[in-house]
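1. sequence plus the predicted model coming up.
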Amino acid sequence: MNRLHVHFRVKDLDASIRFYSALFGRCPDKREPDYAKWMLEDPRANIAISTRHEGTGVDHVGLQVDSDAELAVLAARLKDAKAEIVEEADATCCYARSNKFWARSPEGANWELYHTFGDSRTFGAAPDPFSGLNSAPAAKACCG
């Protein structure tokens with residue numbers, strides 16, 4: 001089953017952990033010196049915060065899937081829509097190892113589609129996945 005993912009950039013990790021813990025009624029499932037994550041069931045969501053980026057606010061949104069097969073289906077849908085995507089196989093990010101695809105919506109929202117298969121002891125230091133994408137909007141889907 002898919003899980004919605006939202007990653008926020010924060011400046012004060014401790015204050016943000018207090019806020020989101022109060023909002024969700026529980027402590028984070030994972031906490032590192034620069035990162036925290038809540039794996040919620042109602043709603044089914046993966047909410048992460050980190051101090052690793054400039055500024056504050058939403059860094060990106062995404063869909064976390066349970067298998068590489070589900071990930072391939074999502075990537076194929078975007079390819080069929082002529083969207084530009086960037087693949088990252090065996091990526092280390094946010095203290096986890098994942099296979100992922102990145103895409104940018106026509107309005108500029110950064111989307112991460114990924115399957116996590118293990119933990120990492122480091123945050124990871126991947127380059128900007130969008131540096132290879134042009135700024136042209138993606139083709140409209142059937143619903144647009």
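-> Thanks, I have it.

2. so, low pLDDT: which residues of the protein?
-> For the chain, applying pLDDT under 70 flags the ranges 1, 123, 125-144.

3. all strands for it, in order.
-> 3-9, 30-32, 35-41, 44-50, 57-65, 85-93, 96-104, 110-119 (DSSP state E).

4. how about the CA coordinates for stretch 52-60, as PDB?
-> Below are the C-alpha coordinates for stretch 52-60, written out as PDB (Å, rounded to 0.1, in the frame of the first residue of the first chain):
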ATOM      1  CA  ARG A  52      19.900  19.800   6.100                       C
ATOM      2  CA  HIS A  53      18.500  22.400   3.600                       C
ATOM      3  CA  GLU A  54      18.400  26.100   3.300                       C
ATOM      4  CA  GLY A  55      15.200  27.900   4.300                       C
ATOM      5  CA  THR A  56      12.000  26.500   5.700                       C
ATOM      6  CA  GLY A  57       8.800  25.000   4.400                       C
ATOM      7  CA  VAL A  58       7.900  22.000   2.200                       C
ATOM      8  CA  ASP A  59      11.000  20.500   0.600                       C
ATOM      9  CA  HIS A  60       9.200  17.900  -1.400                       C
END
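
5. what lies in contact with it?
-> 6-11, 34-35, 50, 109-112, 123 (CB atoms under 8 Å, 6 or more residues apart in numbering). Every residue, glycine included, has its C-beta placed from N, CA and C.

6. if we go by neighbour counts, what in it is buried?
-> By neighbour count on 16 or more other CB atoms under 10 Å, the buried set for stretch 52-60 is R52, D59, H60.

7. before we move on, the earlier item: relative to A22, which of the strands of the chain is closest?
-> strand 35-41 (11.7 Å; CB to CB).

8. which strands or helices does the closest one pack on?
-> helix 13-24, strand 30-32, strand 44-50 (3 or more CB pairs under 8 Å, 6 or more residues apart in numbering; DSSP states H and E).

9. same thing but 10 Å
-> Contact partners of strand 35-41 among helices and strands, from 3 or more CB pairs under 10 Å, 6 or more residues apart in numbering; DSSP states H and E: strand 3-9, helix 13-24, strand 30-32, strand 44-50.
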